[in-house]
Every structure is written in structure tokens, then in C-alpha cells.
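>>> what would the 3D arrangement of this be:
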Amino acid sequence: MRALIALCVAGLLVEVAGWFAGIAGRLYDSETASGIVGMMFAAPVAALAGLLAARWVLRRPVPWQGATALLVSGFFVGGLTLLTAESKFAPWPYIDTCFAPGFDRARFSEVRAGMSPAEVEKILGGRGHLRETRWGYRIGGSPDEIWAYSHDHCSPFFDHAWRSYEVGFRDGVVVSVSDAWRYD
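Below is the predicted model:
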């Protein structure tokens, strides 16, 4: 009985940590869904932590049938996390983001309001592709032209969250710079 309590407590502690890690990592669009995905991702670690706690309390190995079932189910739930549609793919968050040729994420933060198109091209190495101002996500500044440096659907499997990088122009001047995770 003490071993079962130790197993449950250790697993629960890891799952609570997974909940908060999921929220901190914004694995999904809402906090609740992020917490659930974080818990799913923590399931294999929770199973292992529970088995180690039970072994410590029992002072002998946990019966292999129970240990195997717990570990297999933990890894199954953890594996499902990698397939969760529109969540961040935790091992590689940018897996579903297609970038414009020559685009450098690190330099995107150098673009500022008031810059000319030539200055933006000098920093980002090209103009990206034009995006309709009335289509998709809205960015501030009421731009009349938007240069998009990334788009969705580059993952070789399933559909995950992606990171958008956009520069909005009005009358030939940068009025908005937007980079955000998109969960669509």
C-alpha cells in the first residue's frame, strides 16, 4: 500500500510540473490546453518517477508486469503528445514553419517602425511574399502592404503550430512588425 501511495505521489508531482511547464512553454493556444499537452508530455517521466519511488519504498523491484504496463502506457501517452494537432512540436517547435529564402530569425528583431522597404530588405535579405491585408491574422498599424517571411505547413507529418514573421507597411514605411506563434 505504501508503495502504491509513493508511486501515485511521485507521478502526480511530475504531472503537476508537466502542467506548469506546458503553460510556460505555451504548447497550445490556451493555458488549459497547454497544461494538458504538458502533462501528456510528462507522462513517461511520471511513470518512471512513480516506479522509482515505489522501488525505494518497497526496497525491492516492482513486479515487472505492473512496471511494464505503466511504462508502456506512459510512453504511449507521451508519444501521442508529439502528434497533437496545432500544438508546438516540443522537440522542434519550428517544424511546421516555412521560412522565406535567406530569412534569418535572429535579425528580424532589428526591423523597426519608420524603416523604408530598402532598409528592411538589407536586414532580412529579401522582401518575403506579399500577403493580403484583409486575409488571415491582423497586425497593428493598419498596413496597406504586408511582407510575410514565414508560413504554415512545412512539417513532414501532421499539422503543428508555426511562427509567423510579418512586416506591415503603410505609404512605404514600416508601421508594424509582428512575430507570433500561430495555432491554426
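>>> quick one: the strands in the chain?
When secondary structure is read from DSSP state E, the chain shows strands at 98-99, 129-131, 145-148, 150-151, 162-170, 173-182.
>>> low-scoring stretches of the chain, by residue?
Residue ranges of the chain with pLDDT under 70: 135-136.
>>> buried residues in stretch 148-159?
Buried residues in stretch 148-159, defined by neighbour count with 16 or more other CB atoms under 10 Å: 148-152, 155. C-betas here are computed from N, CA, C, even on glycine.
>>> most centrally placed residue in this protein?
Lys88 (2.5 Å; CA atoms, centre = their mean).
>>> not counting sequence-adjacent ones, nearest residue to Ala180?
Ser164 (5.6 Å; CB to CB, 6 or more residues apart in numbering).
>>> what's the answer for His151, then?
Among residues not flanking His151 along the chain, Cys98 sits closest, at 5.1 Å (CB to CB, 6+ apart).
>>> now swap in Trp56 and tell me
Closest residue to Trp56 apart from its sequence neighbours, by CB to CB, 6+ apart: Ala6 at 7.0 Å.
>>> residues contacting the one you found?
50, 53-54, 56-57 (CB atoms under 8 Å, 6 or more residues apart in numbering).
>>> quick one on the thing from earlier: verify the contact between the residue nearest to the centre of the chain and Trp162 for me.
No. Lys88 lies out of contact with Trp162 (CB atoms under 8 Å); the separation is 9.2 Å.
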